[in-house]
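> give me coordinates for this.
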Amino acid sequence: MAAEKAPKAKDIDALSFEEALAELEAIVQRLEKGELGLEDAIATYERGVGLKRRCEEKLKDAQLRVEKIEATGGGVTTTPFDAT
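Okay, the predicted model is just below:
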């Protein structure tokens, strides 16, 4: 069902935070309804774990960017964050 149509795990890396979070919320709703068979529920749960990790990565990146903001005597300057 939904697990068959879901993008592969490697596609998770291409999702924005908002896309990953929206899909994760939809997965939680599907699992809470209890309408999936066992195999579909497991595959859906696994995808949810990947989406959760993606959201955590994006939040960590955002936190690092914010931490790079430095207060200077003449105002505030920012240093671009380089995740590589």
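
> pull out the buried residues from the host helix or strand of Arg47.
Assigned by DSSP states H and E, Arg47 falls within helix 38-67. For helix 38-67, the neighbour count (16 or more other CB atoms under 10 Å) marks Asp40, Ala41, Ala43, Thr44, Arg47, Gly48, Gly50, Leu51, Arg54, Cys55, Lys58 as buried. Glycine gets a C-beta too; all of them are placed from N, C-alpha and C.

> give the other helices and strands that it contacts.
If you count contacts as 3 or more CB pairs under 8 Å, 6 or more residues apart in numbering; DSSP states H and E, helix 38-67 packs onto helix 2-5, helix 17-33.

> looking at those, which has the lowest confidence?
Between the helices and strands packed on helix 38-67, the one with the least mean pLDDT is helix 2-5; it has a mean of 44.

> got a list of what the closest residue to Val28 other than its chain neighbours touches?
In space, and not counting its chain neighbours, Val28 is closest to Gly48: 7.0 Å by CB to CB, 6 or more residues apart in numbering. Gly48 is in contact with Leu24, Ile27, Val28, Leu31, counting by CB atoms under 8 Å, 6 or more residues apart in numbering.
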